[in-house]
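J.: Below is the sequence, then the predicted model.
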Amino acid sequence: MHGYFDLWTWDGTLDRIHHALYVQCREVGQPRTQPERRHHRQSKRQERGKRGAWIDPHGYDAGKKIKGKKRHILVDTQGLLLHALVHSADIQDRDGGVLVMATLFGLHPFLLKLYADGGYQGPIFQSAVRKILRQIDVEIVKRSDTAKGFAVLPKRWIVERTIAWLNRCRRLAKDWECLNRKALAFLRLASIRLMLRKLCQKTA
């Protein structure tokens, strides 16, 4: 199993399976003509005991006070994973967001609207994204200053729900992986699992 996991991660098989299932889920869900996307990041605490030369460097997220990795995900209006990156937690949100958009490589050329939280506000992120996709419109969904505790924010709850779905997989509950590419592969596997279940429920 580990051999297949390594091979499919290296040769792009997991990416192709993920994209094929995503297309099927969009067809079943009757997608909008103008797709909208949500952008978010999640920091995961690094498990102790990970040392050595073959380990990607971790970072410290000063905002959440967590040492480990950061996951940047891009989802659509249905909460399906479009694209993701895993990197050290010390990379700022806006820089990680630009990396996500820059590594789409034309996979979703009809992207028109991008919703993001307050961590991506400012002209630096918006100008960088427009250089990559000129037609995109970035909208920042801010939390109210008067809100206390948990509050459901318009549009933003979709990506929060997706993170909750993905975190049901034990492998994603903590930062267990030494390599970022392995962490990303397990993230894609969790998304593949979600889409397979969605398709089976629709066809049953």
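T.: Yep, it's here.
J.: So in this protein, which helix runs the longest?
T.: helix 180-203 (DSSP state H).
J.: and the residue positioned nearest the centre of the chain, what element?
T.: Closest to where the C-alpha atoms of the chain average out (Cα atoms, centre = their mean) is Ile73, at 1.2 Å. Element membership for Ile73 (DSSP states H and E) is strand 66-76.
J.: Name the helix or strand of this structure that has the lowest mean pLDDT.
T.: The weakest-scoring helix or strand in the chain, judged by mean pLDDT, DSSP states H and E, is strand 36-45 (a mean of 63).
J.: Tell me which helix or strand comes right after that one.
T.: strand 59-61.
J.: elements contacting that following strand?
T.: When contacts are defined as 3 or more Cβ pairs under 8 Å, 6 or more residues apart in numbering; DSSP states H and E, strand 59-61 sits against strand 66-76. Placement of C-beta: from N, CA and C, glycine included.
J.: Run the angle between the strand it packs on and helix 180-203 for me.
T.: 40 degrees (axes from the mean of the first three to the mean of the last three Cα atoms, to 10 degrees).
J.: Quick check: next helix or strand after strand 66-76?
T.: By DSSP H and E, the next helix or strand past strand 66-76 is strand 81-88.
J.: packing partners for that following strand?
T.: Using 3+ Cβ pairs under 8 Å, 6+ apart: strand 81-88 touches helix 13-28, strand 66-76, helix 93-102, helix 180-203.
J.: any low-confidence regions in the protein?
T.: Scanning the chain for pLDDT under 70 picks out 29-42, 44-54, 144-152, 202-204.
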